[in-house]
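# would you be able to build a 3D model of this:
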Amino acid sequence: MKEFLLQVQENLYFVLVCTAIAAALAVVAKLAERFLPTTRKISSARRISILGICAALAAVLHILDFPLPFLAPDFYKLDFSELPVMLCGFYLGPSAVVVCEGLKILLKLLMKGTSTAFVGDFANFVIGCSLVLPAVIVYHTKKTKSSAIWGLALGTVILTVFGSAFNAVYLLPKFSQLYGIPLESIVAMGGAINGGIHSVSTFVLLAVAPLNLIKGVTISALTLLLYKRVARPLFGK
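Predicted structure coming up:
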């Protein structure tokens, strides 16, 4: 009974942390919009429909994730679900990023459930926002190709640095705790792929950071390639 109550307490703490971080990201997005030039004026119905379409596309891309076994253990997977979120944010602004990311995760959970005790889903939400939110904020300062490039570069750097640190400090220990897998075993999985991995710090440096960098660069390149091309059919721009 004591172990059960302890498990409930830990799960509740995890939920509270998720809620607090999601709320903090929403506040950051809202504050950013107050200092940005006037965002595009569209009707609430059209805004909701764009958010729904982009979130649905993102959820499908999230489900189609795939591992990079030469780089990281199989429970680390690469997906391109931030692409529709980025396109949505470029059109609607920072607040739309947090909403679209949240809807994406909810839709993914409804369609597929979770295989990581919700740790992976929470990580995808937070780390996805760390890429998209800075890029969208910088882009909306001027809405030029130059600001888009600088924003995407900044988002990729933040994704790589923050994503690695967040894994080392919170996500890996929480995954280990909820699944009952010693951290040493997780590190050993990475060591089996790359002999240079022998600690949590080398794990995130040699496995997590490159994975995040690949994702950031790929999403950035696809955004630059596709945004102008899909703006009219997707947003009616």
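
# next SSE after the longest helix anywhere in the chain?
Counting residues, the longest helix in the chain under DSSP state H turns out to be helix 2-35. Once helix 2-35 ends, the next helix or strand along the chain (criterion: DSSP states H and E) is helix 44-63.

# tell me how many other residues crowd L225.
10 (other C-beta atoms under 10 Å). Placement of C-beta: from N, CA and C, glycine included.

# picking that back up, elements contacting the longest helix of the chain?
helix 94-112, helix 119-142, helix 172-179 (3 or more C-beta pairs under 8 Å, 6 or more residues apart in numbering; DSSP states H and E).

# among those, show me which one is buried the most.
Of all the helices and strands packed on helix 2-35, helix 119-142 carries the top mean neighbour count, a mean of 24, counting by mean count of other C-beta atoms under 10 Å.

# and stretch 149-163, how far out from the chain's middle?
12 Å (C-alpha atoms, centre = their mean, to the nearest Å).

# and the average pLDDT for that stretch is what?
Mean pLDDT, stretch 149-163: 95.

# chain center to the worst-scoring helix or strand of the chain on mean pLDDT: distance?
In the chain, the helix or strand scored least confidently by mean pLDDT, DSSP states H and E is helix 2-35, which has a mean of 75. What separates the centre of helix 2-35 from the centre of its chain is 15 Å, taken as C-alpha atoms, centre = their mean.

# with stretch 118-132 instead?
On C-alpha atoms, centre = their mean, the centre of stretch 118-132 falls 3 Å from that of its chain.

# if we can go back for a sec, tilt between the least confident helix or strand of the chain and helix 172-179?
140 degrees (axes from the mean of the first three to the mean of the last three C-alpha atoms, to 10 degrees).

# buried ones in helix 2-35, by neighbour count?
Along helix 2-35, these residues count as buried under the neighbour rule (16 or more other C-beta atoms under 10 Å): 14, 18, 21-22, 25-26, 28-29, 32-33.

# in space, not sequence, find me the middle residue of the chain.
Nearest to the mean C-alpha position of the chain, by C-alpha atoms, centre = their mean, lies G128 at 1.5 Å.

# now do the contacts for that residue.
For G128, the contact set (C-beta atoms under 8 Å, 6 or more residues apart in numbering) comprises 81-82, 85, 101, 104.

# what's the closest of the residues you listed to L159?
E82 (8.9 Å; C-beta to C-beta).

# wait, doesn't that closest one sit right on L133?
No. Using C-beta atoms under 8 Å, E82 is not in contact with L133, being 10.5 Å away.

# so what's F203 closest to, chain neighbours aside?
With sequence-adjacent residues excluded and distances taken as C-beta to C-beta, 6 or more residues apart in numbering, F203 is closest to G190, at 4.6 Å.

# now the helix or strand where that neighbour lies, how far from the centre of its chain.
According to DSSP H and E, G190 maps onto helix 183-193. Once both centres are worked out by C-alpha atoms, centre = their mean, helix 183-193 turns out to sit 24 Å from its chain's centre.

# cool, thanks, signing off.
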